[in-house]
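> Just a sequence and a predicted model for now, questions to come.
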Amino acid sequence: MVKFKLCFVALLCCMSFSVSAQLTYGTTGLLHAPSAEMQRDKTLMIGGNFLNKELTPPTWYYHTYNYFLNVTIFPWMEVAYTCTLFKAEALGLGPYGYSGFTNQDRYFSLRLRVLKEGWLWKYMPAVVVGTSDPFTSTNNEMAPTEGNGYYSRFYVAATKHIPLGKEEIGVHLSYLYNKRKDYKLNGVAAGITYNPSFHPQLRLIAEYDSKDFAFGATYQLFNCLHFQVEMQKMRYFSGGVTVNIHLK
């Protein structure tokens, strides 16, 4: 069994492809703001993150963790399932003998590519429409204003990669909307990404997610591990790791 696991890990690490995962939602994107980048067809991502309380909705007044499963079903469609951990004390379960992380919030995300970069016109940006946590079963409400649906958001995003000599930067612009009373994400978001030509495994990211500025980086190791770090509001650390598997 041990040899099988080692062989499986070695097989994964021989696969070569790039990925741009997003800390909060377990989807392709920047740090917190969306982008119009997509994974290769049939890409599977499994990951988890430490989330500083400054990054999460106010319901999490403590640091927490999430984990996710993400599949690019078609080159133009990505689906993710993300779980964020609750503490028993925050749910009022302390008197019943529970403590620590004993429950979780679950939600789906969907991204659809409308335009591929360079289609029709060489300066055409890629365009993606997407949503995270769009529906709550608590009261059968779409785009809930309160209660469950903590990470609810709808957006349209555009991305264009611009060559600068031997280097290339990515320019990302999006518009986000939700109806949350406690976690508003309404307005324009933007970001810049840079993969240095001398070390393309490293990606630097600066963004404004419609309410906060953030700076971070991702690093790809062994072609199958993707590490992510972020300084939300340029001060508060969050980070995680993703395993990338290309099924096709």
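The structure has been received and is ready for your questions. Numbers count the residues shown, from 1 in each chain.

> From here on, just use CA atoms for contacts and neighbour counts.
Will do.

> Beyond the longest strand along the chain, next helix or strand please.
Ordering each strand of the chain by length in residues (DSSP state E) puts strand 101-115 first. Where DSSP states H and E defines the elements, the next helix or strand beyond strand 101-115 is strand 126-132.

> Buried residues, that next one. List them.
126-132 (16 or more other Cα atoms under 10 Å).

> Against which helices or strands is the longest strand of the chain packed?
strand 77-87, strand 126-132 (3 or more Cα pairs under 8 Å, 6 or more residues apart in numbering; DSSP states H and E).

> Turn these into TSV, columns for mean pLDDT.
Converted to TSV, these look like this (pLDDT from 0 to 100):
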stretch	mean pLDDT
strand 77-87	96
strand 126-132	97
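
> who wins for proximity to residue 152 among those?
strand 126-132 (5.5 Å; Cα to Cα).

> Residues contacting the closest one, please?
Strand 126-132 is contacted by residues 25, 35-37, 107-118, 151-160 when judged by Cα atoms under 8 Å, 6 or more residues apart in numbering.

> same thing but 7 Å
36, 108-117, 151-160 (Cα atoms under 7 Å, 6 or more residues apart in numbering).

> Poorly predicted segments of this protein, please.
1-20, 138 (pLDDT under 70).

> one more time with 80
1-23, 91, 93-97, 137-141, 248 (pLDDT under 80).

> What segments of it are helices?
2-13 (DSSP state H).

> Residue 86 versus the spatially most central residue of it, what's the distance?
For the chain, the residue nearest the mean C-alpha position is residue 22 (2.2 Å; Cα atoms, centre = their mean). Remark: distance between residue 22 and residue 86 (Cα to Cα, to the nearest Å) = 20 Å.

> give me the beta-bridge partners of residue 193?
residue 170, residue 205 (DSSP bridges).

> Over to residue 225?
The partner residues for residue 225, given DSSP bridges, come to residue 221, residue 243.

> Now for it: which residues touch it?
Per Cα under 7 Å, 6+ apart, neighbours of residue 225: 241-244.

> now stretch 220-228, how far from the centre of its chain.
15 Å (Cα atoms, centre = their mean, to the nearest Å).

> what about residue 50, how many neighbours?
19 (other Cα atoms under 10 Å).
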